[in-house]
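A.B. asks: just a sequence and a predicted model for now, questions to come.
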Amino acid sequence: MNTVPNPAAEPLLTVQDVRKAFPKPDGGELLVLDGVQLTLIPGQIVGLLGRSGSGKSTLLRLIAGLSEPSAGRLAFHGQPITGPAAGIAMVFQSFALFPWLTVFENVALGLEAQRMPRADIRKRSLAAIDLIGLDGFESAYPRELSGGMRQRVGFARALVVHPDILLMDEPFSALDVLTAETLRTDFLDLWGEGQMPIKGVVLVTHNIEEAVLMCDRILVFGSNPGRILSEIAVPLPQPRNRLDPKFRELVERIYVAMTSRPSGAPLAGRSERFPGLGIGSVLPRVSSNLLAGLLETVAAPPFNGTADLPKIASDLQMEIDELFPVAETLQMMRLAEVEGGDIRLTPDGLAFANAEVDERKRIFARHLLNYVPLAAHIRRVLDERASHAARKSRFIDELEDFMGEEDAEQTLRAVVSLARYAEAFAYNDENEVFNLENPV
(Lines give C-alpha, C1' and ligand atoms only; values in the text may rest on other atoms or scores of the structure.)
Protein backbone atom coordinates (compact mmCIF):
# COMPACT_ATOMS: atom_id res chain seq x y z
CA MET A 1 0.00 0.00 0.00
CA ASN A 2 1.22 3.52 -0.78
CA THR A 3 0.97 5.60 2.41
CA VAL A 4 1.42 8.94 0.61
CA PRO A 5 -1.91 10.77 1.00
CA ASN A 6 -3.80 11.39 -2.24
CA PRO A 7 -6.04 14.48 -1.82
CA ALA A 8 -7.98 13.51 -4.97
CA ALA A 9 -8.88 10.07 -3.62
CA GLU A 10 -12.35 9.24 -2.38
CA PRO A 11 -12.46 9.81 1.41
CA LEU A 12 -12.37 6.78 3.64
CA LEU A 13 -14.29 8.69 6.29
CA THR A 14 -16.37 11.86 6.44
CA VAL A 15 -17.73 13.47 9.57
CA GLN A 16 -20.17 16.31 8.92
CA ASP A 17 -21.50 18.71 11.58
CA VAL A 18 -21.53 16.00 14.24
CA ARG A 19 -23.06 16.84 17.58
CA LYS A 20 -23.21 14.53 20.60
CA ALA A 21 -25.11 15.22 23.80
CA PHE A 22 -25.94 12.98 26.75
CA PRO A 23 -29.14 13.31 28.82
CA LYS A 24 -28.86 14.71 32.35
CA PRO A 25 -31.00 13.57 35.30
CA ASP A 26 -32.78 16.93 35.40
CA GLY A 27 -34.01 16.49 31.83
CA GLY A 28 -31.38 18.75 30.28
CA GLU A 29 -28.44 17.60 28.21
CA LEU A 30 -24.66 17.56 28.51
CA LEU A 31 -23.19 18.69 25.19
CA VAL A 32 -19.92 16.83 24.55
CA LEU A 33 -19.30 17.48 20.83
CA ASP A 34 -20.59 20.25 18.63
CA GLY A 35 -20.20 20.97 14.92
CA VAL A 36 -17.31 18.55 14.31
CA GLN A 37 -16.06 18.15 10.73
CA LEU A 38 -13.44 15.60 9.68
CA THR A 39 -12.29 13.94 6.48
CA LEU A 40 -9.83 11.04 6.26
CA ILE A 41 -8.29 10.17 2.90
CA PRO A 42 -6.24 7.05 2.05
CA GLY A 43 -2.63 7.12 3.17
CA GLN A 44 -3.23 9.64 5.94
CA ILE A 45 -2.85 9.69 9.73
CA VAL A 46 -5.13 12.29 11.30
CA GLY A 47 -4.54 13.27 14.93
CA LEU A 48 -7.22 14.43 17.36
CA LEU A 49 -5.33 16.49 19.92
CA GLY A 50 -6.76 18.05 23.05
CA ARG A 51 -7.22 17.90 26.77
CA SER A 52 -8.98 15.01 28.46
CA GLY A 53 -12.70 15.71 28.37
CA SER A 54 -12.67 17.45 24.99
CA GLY A 55 -14.72 14.69 23.36
CA LYS A 56 -11.94 13.04 21.34
CA SER A 57 -12.68 9.51 22.54
CA THR A 58 -16.41 10.13 22.15
CA LEU A 59 -15.81 11.02 18.50
CA LEU A 60 -13.76 7.85 18.06
CA ARG A 61 -16.66 5.77 19.42
CA LEU A 62 -19.02 7.48 16.97
CA ILE A 63 -16.68 6.67 14.08
CA ALA A 64 -16.43 3.06 15.27
CA GLY A 65 -20.22 2.80 15.27
CA LEU A 66 -20.32 2.13 19.01
CA SER A 67 -22.49 5.19 19.63
CA GLU A 68 -24.85 7.35 17.60
CA PRO A 69 -24.55 11.11 17.08
CA SER A 70 -27.26 13.43 18.34
CA ALA A 71 -27.00 15.31 15.04
CA GLY A 72 -24.86 15.30 11.93
CA ARG A 73 -23.61 12.49 9.71
CA LEU A 74 -20.72 10.03 9.69
CA ALA A 75 -19.94 8.00 6.57
CA PHE A 76 -17.45 5.21 5.79
CA HIS A 77 -16.73 4.87 2.08
CA GLY A 78 -19.71 7.13 1.49
CA GLN A 79 -22.13 4.90 3.43
CA PRO A 80 -23.71 6.10 6.70
CA ILE A 81 -22.21 4.59 9.85
CA THR A 82 -25.17 3.09 11.69
CA GLY A 83 -23.32 0.48 13.76
CA PRO A 84 -19.95 -1.27 14.00
CA ALA A 85 -18.42 -1.38 10.49
CA ALA A 86 -16.40 -4.38 9.33
CA GLY A 87 -13.71 -2.12 7.87
CA ILE A 88 -13.02 -0.11 11.04
CA ALA A 89 -10.95 -1.43 13.98
CA MET A 90 -9.78 0.15 17.21
CA VAL A 91 -6.75 -0.01 19.51
CA PHE A 92 -7.53 1.11 23.06
CA GLN A 93 -5.50 2.90 25.72
CA SER A 94 -5.96 -0.04 28.08
CA PHE A 95 -4.80 -3.32 26.63
CA ALA A 96 -8.31 -4.81 26.89
CA LEU A 97 -7.09 -8.40 26.49
CA PHE A 98 -8.89 -11.47 27.77
CA PRO A 99 -6.53 -12.78 30.48
CA TRP A 100 -7.68 -16.40 30.08
CA LEU A 101 -6.80 -16.46 26.37
CA THR A 102 -3.35 -16.80 24.85
CA VAL A 103 -1.82 -14.24 22.50
CA PHE A 104 -2.96 -16.29 19.52
CA GLU A 105 -6.48 -16.73 20.91
CA ASN A 106 -6.81 -13.00 21.69
CA VAL A 107 -5.72 -12.07 18.17
CA ALA A 108 -7.91 -14.70 16.50
CA LEU A 109 -11.05 -13.65 18.37
CA GLY A 110 -12.19 -11.09 15.80
CA LEU A 111 -11.82 -13.54 12.93
CA GLU A 112 -13.73 -16.19 14.82
CA ALA A 113 -16.59 -13.73 15.23
CA GLN A 114 -16.61 -13.44 11.42
CA ARG A 115 -16.89 -17.26 11.17
CA MET A 116 -13.85 -17.59 8.94
CA PRO A 117 -12.48 -21.06 8.17
CA ARG A 118 -10.06 -22.32 10.82
CA ALA A 119 -7.15 -22.51 8.39
CA ASP A 120 -7.63 -18.87 7.36
CA ILE A 121 -7.94 -17.77 10.99
CA ARG A 122 -4.67 -19.48 11.85
CA LYS A 123 -2.82 -18.09 8.82
CA ARG A 124 -3.95 -14.48 9.30
CA SER A 125 -3.52 -14.51 13.09
CA LEU A 126 0.04 -15.82 12.89
CA ALA A 127 0.83 -13.28 10.17
CA ALA A 128 -0.48 -10.42 12.34
CA ILE A 129 1.45 -11.64 15.38
CA ASP A 130 4.62 -11.88 13.31
CA LEU A 131 4.06 -8.45 11.75
CA ILE A 132 3.75 -6.72 15.10
CA GLY A 133 6.89 -8.38 16.48
CA LEU A 134 5.49 -11.09 18.75
CA ASP A 135 6.56 -14.19 16.84
CA GLY A 136 7.30 -16.89 19.43
CA PHE A 137 4.81 -15.58 21.99
CA GLU A 138 1.69 -17.14 20.43
CA SER A 139 1.06 -19.45 23.41
CA ALA A 140 1.83 -16.86 26.12
CA TYR A 141 -0.89 -15.42 28.33
CA PRO A 142 -1.26 -11.64 28.92
CA ARG A 143 0.05 -11.99 32.49
CA GLU A 144 3.36 -13.21 31.06
CA LEU A 145 3.83 -10.14 28.86
CA SER A 146 5.16 -6.65 29.53
CA GLY A 147 2.90 -3.64 28.96
CA GLY A 148 4.47 -2.94 25.59
CA MET A 149 4.01 -6.54 24.46
CA ARG A 150 0.38 -6.55 25.58
CA GLN A 151 -0.26 -3.41 23.56
CA ARG A 152 1.35 -5.11 20.56
CA VAL A 153 -1.25 -7.85 20.98
CA GLY A 154 -3.90 -5.11 20.86
CA PHE A 155 -2.45 -3.86 17.59
CA ALA A 156 -2.31 -7.38 16.13
CA ARG A 157 -5.92 -8.02 17.14
CA ALA A 158 -7.01 -4.84 15.34
CA LEU A 159 -4.89 -5.47 12.22
CA VAL A 160 -5.83 -9.12 11.78
CA VAL A 161 -9.30 -8.19 10.46
CA HIS A 162 -7.64 -6.14 7.68
CA PRO A 163 -9.51 -2.88 8.38
CA ASP A 164 -9.42 0.10 6.07
CA ILE A 165 -9.38 2.48 9.05
CA LEU A 166 -7.49 1.96 12.30
CA LEU A 167 -8.72 4.03 15.26
CA MET A 168 -6.17 4.50 18.04
CA ASP A 169 -7.34 5.87 21.40
CA GLU A 170 -4.16 7.04 23.17
CA PRO A 171 -2.52 3.67 22.49
CA PHE A 172 0.88 4.64 23.94
CA SER A 173 -0.16 6.64 27.01
CA ALA A 174 -0.23 3.68 29.43
CA LEU A 175 3.34 2.70 28.54
CA ASP A 176 6.65 3.91 29.93
CA VAL A 177 8.52 6.48 27.82
CA LEU A 178 11.03 4.08 26.23
CA THR A 179 8.47 1.38 25.43
CA ALA A 180 6.07 3.94 23.95
CA GLU A 181 8.82 5.39 21.76
CA THR A 182 9.81 1.94 20.49
CA LEU A 183 6.23 1.00 19.67
CA ARG A 184 5.60 4.34 17.90
CA THR A 185 8.73 3.89 15.82
CA ASP A 186 7.84 0.32 14.89
CA PHE A 187 4.31 1.37 13.94
CA LEU A 188 5.56 4.24 11.75
CA ASP A 189 8.12 1.96 10.08
CA LEU A 190 5.42 -0.59 9.21
CA TRP A 191 3.07 2.18 8.04
CA GLY A 192 5.73 3.85 5.92
CA GLU A 193 6.72 0.56 4.31
CA GLY A 194 3.09 -0.23 3.50
CA GLN A 195 3.21 -3.52 5.42
CA MET A 196 0.00 -3.00 7.39
CA PRO A 197 -3.39 -3.85 5.85
CA ILE A 198 -4.85 -0.42 6.63
CA LYS A 199 -5.51 2.64 4.49
CA GLY A 200 -5.94 5.40 7.09
CA VAL A 201 -5.50 6.11 10.78
CA VAL A 202 -7.28 8.34 13.30
CA LEU A 203 -5.14 8.85 16.41
CA VAL A 204 -6.44 10.35 19.67
CA THR A 205 -3.70 11.86 21.81
CA HIS A 206 -3.01 14.58 24.36
CA ASN A 207 0.73 14.48 23.66
CA ILE A 208 1.66 17.35 21.32
CA GLU A 209 5.02 15.91 20.27
CA GLU A 210 3.43 12.53 19.57
CA ALA A 211 0.91 14.22 17.29
CA VAL A 212 3.62 16.06 15.34
CA LEU A 213 5.75 12.92 15.20
CA MET A 214 3.05 10.68 13.75
CA CYS A 215 0.34 12.67 12.00
CA ASP A 216 -0.18 14.24 8.58
CA ARG A 217 -2.92 16.51 9.93
CA ILE A 218 -3.74 17.54 13.48
CA LEU A 219 -7.17 18.68 14.62
CA VAL A 220 -6.87 20.72 17.81
CA PHE A 221 -9.91 20.30 20.08
CA GLY A 222 -11.29 22.73 22.63
CA SER A 223 -13.55 21.70 25.50
CA ASN A 224 -17.02 22.35 26.92
CA PRO A 225 -18.23 21.36 24.39
CA GLY A 226 -15.62 19.59 22.26
CA ARG A 227 -15.14 21.33 18.95
CA ILE A 228 -12.29 21.76 16.50
CA LEU A 229 -10.41 24.98 17.17
CA SER A 230 -7.89 24.65 14.37
CA GLU A 231 -6.46 22.23 11.81
CA ILE A 232 -2.70 22.06 11.38
CA ALA A 233 -0.97 20.27 8.51
CA VAL A 234 2.32 18.49 9.23
CA PRO A 235 4.32 18.52 5.95
CA LEU A 236 7.50 17.05 7.46
CA PRO A 237 8.79 13.83 5.82
CA GLN A 238 9.11 10.65 7.83
CA PRO A 239 11.10 9.74 9.86
CA ARG A 240 10.81 12.97 11.85
CA ASN A 241 13.41 14.42 14.20
CA ARG A 242 12.18 16.04 17.41
CA LEU A 243 15.20 18.37 17.36
CA ASP A 244 14.50 19.61 13.83
CA PRO A 245 13.72 23.38 14.02
CA LYS A 246 10.69 22.81 11.77
CA PHE A 247 9.44 20.14 14.19
CA ARG A 248 9.86 22.54 17.12
CA GLU A 249 8.06 25.30 15.18
CA LEU A 250 5.03 23.05 14.72
CA VAL A 251 5.01 22.14 18.43
CA GLU A 252 5.12 25.86 19.27
CA ARG A 253 2.33 26.58 16.78
CA ILE A 254 0.08 24.01 18.45
CA TYR A 255 0.74 25.45 21.91
CA VAL A 256 -0.19 28.87 20.53
CA ALA A 257 -3.41 27.45 19.03
CA MET A 258 -4.36 25.82 22.34
CA THR A 259 -3.74 28.91 24.48
CA SER A 260 -5.00 31.78 22.30
CA ARG A 261 -8.12 33.70 23.29
CA PRO A 262 -10.70 34.44 20.63
CA SER A 263 -10.01 37.65 18.73
CA GLY A 264 -11.20 40.69 20.66
CA ALA A 265 -12.03 38.76 23.81
CA PRO A 266 -11.45 40.71 27.04
CA LEU A 267 -9.20 39.46 29.78
CA ALA A 268 -12.13 37.98 31.69
CA GLY A 269 -13.38 36.07 28.67
CA ARG A 270 -11.57 32.77 28.40
CA SER A 271 -11.56 30.49 25.41
CA GLU A 272 -12.72 26.88 25.56
CA ARG A 273 -9.38 25.68 26.94
CA PHE A 274 -9.80 27.70 30.11
CA PRO A 275 -12.91 27.84 32.30
CA GLY A 276 -14.85 31.04 32.58
CA LEU A 277 -15.31 32.88 35.81
CA GLY A 278 -18.91 31.95 36.56
CA ILE A 279 -19.93 29.87 39.54
CA GLY A 280 -20.92 27.10 37.13
CA SER A 281 -17.43 26.64 35.68
CA VAL A 282 -15.94 23.14 35.85
CA LEU A 283 -12.62 23.47 37.68
CA PRO A 284 -9.61 21.14 37.43
CA ARG A 285 -8.26 19.64 40.63
CA VAL A 286 -4.68 20.82 41.03
CA SER A 287 -2.49 20.67 44.14
CA SER A 288 -1.14 23.85 45.69
CA ASN A 289 2.35 22.35 45.42
CA LEU A 290 2.07 22.23 41.63
CA LEU A 291 0.73 25.79 41.52
CA ALA A 292 3.55 27.08 43.69
CA GLY A 293 6.11 25.03 41.78
CA LEU A 294 5.10 26.46 38.40
CA LEU A 295 5.06 30.01 39.78
CA GLU A 296 8.56 29.52 41.22
CA THR A 297 9.86 27.98 38.00
CA VAL A 298 8.56 30.79 35.78
CA ALA A 299 9.71 33.49 38.21
CA ALA A 300 13.28 32.15 38.38
CA PRO A 301 16.05 32.62 35.79
CA PRO A 302 16.23 32.09 32.88
CA PHE A 303 12.48 32.82 32.54
CA ASN A 304 12.23 35.78 34.94
CA GLY A 305 8.45 35.89 34.84
CA THR A 306 7.64 34.88 31.25
CA ALA A 307 8.17 31.40 29.83
CA ASP A 308 7.54 29.46 26.65
CA LEU A 309 5.07 26.65 27.44
CA PRO A 310 6.80 24.07 25.19
CA LYS A 311 10.08 24.82 27.00
CA ILE A 312 8.42 24.50 30.41
CA ALA A 313 6.73 21.25 29.37
CA SER A 314 10.05 19.86 28.13
CA ASP A 315 12.04 20.95 31.21
CA LEU A 316 9.44 19.61 33.65
CA GLN A 317 8.55 16.56 31.48
CA MET A 318 4.85 17.42 31.64
CA GLU A 319 2.22 16.65 29.00
CA ILE A 320 -0.63 19.03 28.26
CA ASP A 321 -3.02 17.14 30.54
CA GLU A 322 -0.57 17.78 33.38
CA LEU A 323 0.64 21.30 32.52
CA PHE A 324 -2.52 22.97 31.25
CA PRO A 325 -4.66 22.46 34.40
CA VAL A 326 -1.92 24.13 36.48
CA ALA A 327 -1.57 27.05 34.07
CA GLU A 328 -5.36 27.22 33.77
CA THR A 329 -5.81 27.55 37.52
CA LEU A 330 -3.12 30.23 37.83
CA GLN A 331 -4.80 32.17 35.04
CA MET A 332 -8.22 31.80 36.63
CA MET A 333 -6.82 33.21 39.87
CA ARG A 334 -5.04 36.08 38.04
CA LEU A 335 -1.63 34.90 39.21
CA ALA A 336 -0.57 34.29 35.60
CA GLU A 337 -1.78 34.94 32.08
CA VAL A 338 -1.53 32.28 29.36
CA GLU A 339 -1.72 33.18 25.70
CA GLY A 340 0.15 32.63 22.46
CA GLY A 341 2.03 29.60 23.82
CA ASP A 342 3.53 31.60 26.71
CA ILE A 343 2.83 31.91 30.42
CA ARG A 344 3.45 35.30 32.02
CA LEU A 345 3.20 35.93 35.75
CA THR A 346 1.14 38.86 36.97
CA PRO A 347 2.67 41.21 39.60
CA ASP A 348 0.93 39.23 42.34
CA GLY A 349 2.14 35.99 40.78
CA LEU A 350 5.72 37.25 40.99
CA ALA A 351 5.11 38.49 44.52
CA PHE A 352 3.83 35.04 45.51
CA ALA A 353 6.89 33.31 44.05
CA ASN A 354 9.25 35.56 46.04
CA ALA A 355 7.26 35.66 49.31
CA GLU A 356 7.53 33.71 52.55
CA VAL A 357 4.88 31.12 53.47
CA ASP A 358 2.50 33.39 55.41
CA GLU A 359 2.53 36.12 52.75
CA ARG A 360 2.00 33.49 50.05
CA LYS A 361 -1.12 32.31 51.84
CA ARG A 362 -2.44 35.87 52.13
CA ILE A 363 -1.91 36.52 48.40
CA PHE A 364 -3.44 33.17 47.50
CA ALA A 365 -6.49 33.67 49.74
CA ARG A 366 -7.14 37.15 48.36
CA HIS A 367 -7.05 35.92 44.77
CA LEU A 368 -9.08 32.80 45.55
CA LEU A 369 -11.92 34.77 47.13
CA ASN A 370 -11.79 37.58 44.56
CA TYR A 371 -11.53 35.58 41.35
CA VAL A 372 -13.08 32.15 42.01
CA PRO A 373 -16.81 32.78 42.51
CA LEU A 374 -17.55 29.34 43.94
CA ALA A 375 -14.95 29.87 46.69
CA ALA A 376 -16.34 33.34 47.39
CA HIS A 377 -19.88 31.94 47.47
CA ILE A 378 -19.00 29.21 49.98
CA ARG A 379 -17.16 31.69 52.20
CA ARG A 380 -20.09 34.14 52.07
CA VAL A 381 -22.59 31.42 53.08
CA LEU A 382 -20.37 30.39 56.00
CA ASP A 383 -19.90 34.00 57.12
CA GLU A 384 -23.64 34.69 57.06
CA ARG A 385 -24.71 31.63 59.07
CA ALA A 386 -24.64 31.76 62.84
CA SER A 387 -23.16 28.26 62.92
CA HIS A 388 -20.56 29.17 60.28
CA ALA A 389 -21.21 25.74 58.78
CA ALA A 390 -22.94 24.30 55.71
CA ARG A 391 -23.37 20.83 54.31
CA LYS A 392 -21.63 19.77 51.11
CA SER A 393 -24.95 18.74 49.54
CA ARG A 394 -26.08 22.38 49.56
CA PHE A 395 -23.30 23.38 47.14
CA ILE A 396 -23.40 20.16 45.10
CA ASP A 397 -27.08 20.76 44.36
CA GLU A 398 -26.27 24.26 43.13
CA LEU A 399 -23.42 23.07 40.93
CA GLU A 400 -25.56 20.35 39.36
CA ASP A 401 -27.75 23.09 37.92
CA PHE A 402 -24.77 23.87 35.66
CA MET A 403 -22.92 20.57 35.22
CA GLY A 404 -23.05 16.80 35.65
CA GLU A 405 -22.67 14.99 38.96
CA GLU A 406 -19.06 13.95 38.32
CA ASP A 407 -17.98 17.47 37.29
CA ALA A 408 -19.76 18.95 40.31
CA GLU A 409 -17.87 16.63 42.64
CA GLN A 410 -14.55 17.41 40.94
CA THR A 411 -15.18 21.16 41.03
CA LEU A 412 -16.07 21.18 44.71
CA ARG A 413 -13.04 19.06 45.55
CA ALA A 414 -10.86 21.48 43.55
CA VAL A 415 -12.12 24.47 45.55
CA VAL A 416 -11.71 22.59 48.83
CA SER A 417 -8.05 21.90 47.99
CA LEU A 418 -7.37 25.54 47.11
CA ALA A 419 -9.25 26.83 50.18
CA ARG A 420 -7.34 24.56 52.54
CA TYR A 421 -4.02 25.95 51.33
CA ALA A 422 -5.35 29.51 51.58
CA GLU A 423 -6.99 28.77 54.97
CA ALA A 424 -10.10 30.46 53.59
CA PHE A 425 -12.42 27.80 55.04
CA ALA A 426 -12.27 24.17 56.11
CA TYR A 427 -14.07 21.00 55.09
CA ASN A 428 -14.69 17.85 57.13
CA ASP A 429 -14.87 14.91 54.73
CA GLU A 430 -16.29 12.55 57.36
CA ASN A 431 -19.50 14.50 58.01
CA GLU A 432 -19.33 16.42 54.67
CA VAL A 433 -19.60 19.82 56.30
CA PHE A 434 -17.89 23.11 55.43
CA ASN A 435 -16.93 25.40 58.31
CA LEU A 436 -14.74 28.34 59.32
CA GLU A 437 -12.43 26.30 61.52
CA ASN A 438 -9.37 27.90 59.83
CA PRO A 439 -10.58 31.32 58.59
CA VAL A 440 -8.17 33.89 57.18
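C.D. replies: Structure's in. What do you need? Numbering: from 1, shown residues only.
A.B. asks: tell me which residues in stretch 355-368 are buried?
C.D. replies: For stretch 355-368, the buried set under the neighbour-count rule, 16 or more other CB atoms under 10 Å, comprises 360-361, 363-368. Quick note: C-beta positions are derived from backbone N, CA and C, even for glycine.
A.B. asks: mind telling me what element residue 150 is part of?
C.D. replies: Assigned by DSSP states H and E, residue 150 falls within helix 147-159.
A.B. asks: which helices and strands does that helix pack with?
C.D. replies: strand 88-91, helix 103-113, helix 118-131, helix 177-192 (3 or more CB pairs under 8 Å, 6 or more residues apart in numbering; DSSP states H and E).
A.B. asks: hmm, try it at 6 Å
C.D. replies: strand 88-91, helix 103-113, helix 118-131 (3 or more CB pairs under 6 Å, 6 or more residues apart in numbering; DSSP states H and E).
A.B. asks: dump these to TSV, plus mean neighbour count.
C.D. replies: Formatted as TSV, the helices and strands packed on helix 147-159 follow (neighbours: other CB atoms under 10 Å):
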stretch	mean neighbour count
strand 88-91	23
helix 103-113	20
helix 118-131	17
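A.B. asks: so which of the ones you listed is nearest residue 250?
C.D. replies: Set against residue 250 and scored by CB to CB, the helices and strands packed on helix 147-159 come closest in strand 88-91, at 24.5 Å.
A.B. asks: give the pairing partners of the closest one; include direction for each.
C.D. replies: Counting by DSSP bridges, the strands paired with strand 88-91 are strand 165-169 (parallel).
A.B. asks: the strand it pairs with vs helix 147-159, what angle?
C.D. replies: On the basis of axes from the mean of the first three to the mean of the last three CA atoms, to 10 degrees, strand 165-169 is oriented at 150 degrees to helix 147-159.
A.B. asks: residue 218 is in what secondary structure piece?
C.D. replies: Element membership for residue 218, per DSSP H and E: strand 217-222.
A.B. asks: and the two most separated of the buried residues of stretch 355-368?
C.D. replies: Largest separation among these by CB to CB: 360 and 368, giving 12.0 Å.
A.B. asks: residue 58 sits in which helix or strand?
C.D. replies: Assigned by DSSP H and E, residue 58 belongs to helix 56-63.
A.B. asks: list the buried residues of whatever helix or strand comes next after that helix.
C.D. replies: Per DSSP H and E, helix 56-63 leads on to strand 71-76 as the next helix or strand towards the C-terminus. Across strand 71-76, burial judged by 16+ other CB under 10 Å covers 72, 74, 76.
A.B. asks: ditto for stretch 53-70
C.D. replies: Within stretch 53-70, the residues scored as buried using 16+ other CB under 10 Å are 53-60, 62-65, 69-70.
A.B. asks: of the residues you listed, closest to residue 391?
C.D. replies: Proximity to residue 391 was ranked across the buried residues of stretch 53-70 by CB to CB; first place goes to residue 53, at 27.8 Å.
A.B. asks: can you give me the neighbour number for the closest residue to the closest one other than its chain neighbours?
C.D. replies: Nearest non-adjacent residue to residue 53, counting by CB to CB, 6 or more residues apart in numbering: residue 223, 5.6 Å away. Neighbours of residue 223 under the rule other CB atoms under 10 Å: 21.
A.B. asks: quick check, nearest of the buried residues of strand 71-76 to residue 412?
C.D. replies: residue 72 (33.7 Å).
A.B. asks: hmm, the closest one is touching residue 21, no?
C.D. replies: No: contact status for residue 72 versus residue 21: not in contact, 11.4 Å apart, counting by CB atoms under 6 Å.
A.B. asks: list the contacts of residue 378.
C.D. replies: Contacts for residue 378 (CB atoms under 6 Å, 6 or more residues apart in numbering) come out as residue 434.
A.B. asks: per-residue confidence at it?
C.D. replies: Listed pLDDT for residue 378 reads 90.
A.B. asks: check which residues of stretch 247-258 are buried.
C.D. replies: Residues of stretch 247-258 classed as buried: 247-248, 250-258 (neighbour count, 16+ other CB under 10 Å).
A.B. asks: just the residues you listed now: which is nearest residue 177?
C.D. replies: Of all the buried residues of stretch 247-258, residue 251 has the smallest distance to residue 177: 17.0 Å, by CB to CB.
A.B. asks: the closest one and residue 314: what is the separation?
C.D. replies: Using CB to CB, to the nearest Å, residue 251 is found at 9 Å from residue 314.
A.B. asks: got it, and residue 358?
C.D. replies: Distance, residue 358 to residue 314, by CB to CB: 34 Å.
A.B. asks: residue 241 too?
C.D. replies: According to CB to CB, residue 241 stands 15 Å off from residue 314.
A.B. asks: just checking, residue 306 touches residue 344?
C.D. replies: Yes: Residue 306 is within contact range of residue 344, at 4.5 Å (criterion: CB under 6 Å).
A.B. asks: name the residue in those two with the higher neighbour count.
C.D. replies: residue 344 (17 against 13).
A.B. asks: got phi/psi on the more buried one?
C.D. replies: The phi and psi torsions at residue 344 (degrees, to the nearest 10) take the values phi -130, psi 130.
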